[in-house]
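Asker: Just a sequence and a predicted model for now, questions to come.
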Amino acid sequence: MALISLRHVSKVYPKGTRPALHDITLDIDRGDFVFLVGASGSGKTTLLSLLLREEEATDGEIRVAGNDLRRISNRQVPQYRRTIGFVFQDYKLLNNKTVWQNVAFALEVIGTRRSAIKSLVPKVLETVGLTGKERSYPHELSGGEQQRVAIARAYVNHPQILLADEPTGNLDPTTSLGIMEVLDAINRTGTTVVMATHNEEIVNSMRKRVVELHSGSIVRDEEHGSYDSAMYFPDAEVTSKAHQALGSGAGSTVMTSGAGDSDLRFRPQNGVEAEVTQAIAIEAGTIASGAMNGDEGIARLAQSVHSGRTGRYGEAFAPLETTLTWGKGLKLDEVERLARSGESSATDESVDESVDESATPENGLLAPPAPPTPPSIASATQDARQTDADDAQTTVSTAQVGETAVEEHAETPENGESDADSETTGGDAASEQNENEEEQQ
Ligand SMILES: Nc1ncnc2c1ncn2[C@@H]1O[C@H](COP(=O)(O)OP(=O)(O)OP(=O)(O)O)[C@@H](O)[C@H]1O
């Protein structure tokens, strides 16, 4: 049985004039990575809210990890949500807590022992590349760093499902790449990831399963799908013309070729530590054994970002020399070296060597897998460079880079702590907050 299963699910909001979701039937298996795409208002967030049991379906059946969401009482909801990590576009960190405290809090509210918290938090911070930032407050972090804290918090109890609603929506392409690297790594540990996004570059590079919504209905479900957001934006015509002017054709990207392919119960609380430790051990083992080369999506995305083809408008965010990611990904010069290798021979052994070298984890992060060496790498890079200048003229940048303000949530100034938003930790945090003193390593 699928880990997530929806059968003829509809959702009509009380004041809604039309169904936000209509007759959705969808199965998502354990370990899947699914992109939910579709225009604004197509129902992506609503679908995620139903899975998180923030909203209830008007009709139909939803089962998540064997739980029939219709039968979960309000009292059980917090416990249910603990099996799910959730990442938002705007991070939703607790502003008066440090990085360490934000992540630790997710464990405190589910009653994790302090010794376990002390052991787990550094590990998960290492996994998302935030070692050294433990004492920083959200306002002292970049947008990408804040989102990594949010991911660390969502992942620290190793949920079997991670839901992400536009997690790269406020981030520039290079930073988004890092976020995708982390999400991909988490998915490799067996966590099912469902991510709503408008970002076609990410979808097209990753070539994961794509479920497309249109006016509340699923109009496409592809195993290795792509996404052409230009189809849905009001300025699609402008974009299309820009693409034509660049000689690439609307919606085609350097790396796009994937189109057309065409009863567990609630997790026991005391299992958290063991499960996370196991997950991290698996991760570490995978890195050590050099087995992280099965998925080429991150490498494609890296290549695409570095070549300047970073979205439907082709925004290039300089400087790229600070790249690539906290995940010890490909460096710019390595990408260029790859491109040169690609020029001389698409099957040149040196390509693989250079990638392997770059993929060596230095800080416990998962390195991106070896990139493909299609003949198009060199020409693609060249094309992209050629078009940068043109892009600069045709660019209509809507991206908000970095330092997006985070929301305050239910703070309780009297004790200096803040209640976790129930959404942020996947649980009714406020009601269960321990009196643990705040700890720093
Ligand atoms: N609380 C609500 N009350 C009434 N209508 C709502 C509510 N939330 C969403 N809707 C409506 O439901 C539809 C789907 O919205 P939803 O937020 O799920 O879309 P989305 O695909 O996530 O959009 P976006 O990409 O802009 O976030 C829209 O028509 C929206 O106006």
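Answerer: Received, thanks.
Asker: And the helices in the stretch 51-200 of the chain?
Answerer: With helices called from DSSP state H, counting those that start in this stretch, the stretch 51-200 of the chain shows them at 77-81, 99-108, 114-127, 143-155, 173-188, 200-206.
Asker: and of these, who's closest to S49?
Answerer: Distance to S49, taken as C-beta to C-beta, is lowest for helix 77-81 among the helices of the stretch 51-200 of the chain, at 11.6 Å. Yep, even glycine has a C-beta here, placed from its N, CA and C like the rest.
Asker: Go through the helices of the stretch 51-200 of the chain and name the closest to the ligand.
Answerer: The closest approach between the ligand and any of the helices of the stretch 51-200 of the chain, judged by C-beta to the nearest ligand atom, belongs to helix 200-206 at 13.3 Å.
Asker: Report all helices and strands that that closest one contacts.
Answerer: Taking 3 or more C-beta pairs under 8 Å, 6 or more residues apart in numbering; DSSP states H and E as the contact definition, the neighbouring helices and strands of helix 200-206 are strand 33-37, helix 173-188, helix 297-306.
Asker: Parallel or antiparallel, which strands does the helix or strand following it pair with?
Answerer: Using DSSP states H and E, the helix or strand that follows helix 200-206 in sequence is strand 209-214. Strand pairing for strand 209-214, determined by DSSP bridges: strand 33-37 (parallel), strand 217-222 (antiparallel).
Asker: Tell me which of the ones you listed is the most buried.
Answerer: Of all the strands paired with strand 209-214, strand 33-37 carries the top mean neighbour count, a mean of 25, counting by mean count of other C-beta atoms under 10 Å.
Asker: what's next to that strand, contact-wise?
Answerer: When contacts are taken as C-beta atoms under 8 Å, 6 or more residues apart in numbering, the neighbours of strand 33-37 outside the stretch itself are 28, 44, 47-48, 183-184, 187, 192-198, 202-203, 206, 208-213, 225, 227, 229.
Asker: Output those of those also counted as contacts of the ligand.
Answerer: Among these, the ones lying close to the ligand by the criterion of C-beta under 6 Å from any ligand atom are K44.
Asker: count of residues packed around L69?
Answerer: When neighbours are defined as other C-beta atoms under 10 Å, L69 has 19 of them.
Asker: same check, this time on V99
Answerer: Applying the criterion other C-beta under 10 Å, we find 29 residues in the vicinity of V99.
Asker: isn't it right up against V124?
Answerer: No. Taking C-beta atoms under 8 Å as the definition, V99 is not a contact partner of V124, at 10.8 Å.
Asker: quick one: which of the helices and strands packed on helix 200-206 is nearest G16?
Answerer: With C-beta to C-beta as the criterion, G16 lies closest to strand 33-37 of the helices and strands packed on helix 200-206, at 19.2 Å.
Asker: Could you confirm whether any residue of the closest one contacts the ligand?
Answerer: No. Counting by C-beta under 6 Å from any ligand atom, no contacts exist between strand 33-37 and the ligand, the nearest distance being 8.0 Å.
Asker: pLDDT on that strand, on average?
Answerer: Throughout strand 33-37, pLDDT has a mean value of 97.
Asker: Send me that strand as CSV with only the CA atoms.
Answerer: Coordinates of the C-alpha atoms in strand 33-37 are reproduced here as CSV (Å, rounded to 0.1, in the frame of the first residue of the first chain):
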residue,chain,number,x,y,z
PHE,A,33,10.4,12.4,-4.3
VAL,A,34,7.4,14.2,-5.8
PHE,A,35,7.2,17.7,-7.2
LEU,A,36,3.7,19.3,-7.0
VAL,A,37,3.6,21.9,-9.7
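Asker: Hey, what's the angle from it to helix 173-188? Just curious.
Answerer: 130 degrees (axes from the mean of the first three to the mean of the last three C-alpha atoms, to 10 degrees).
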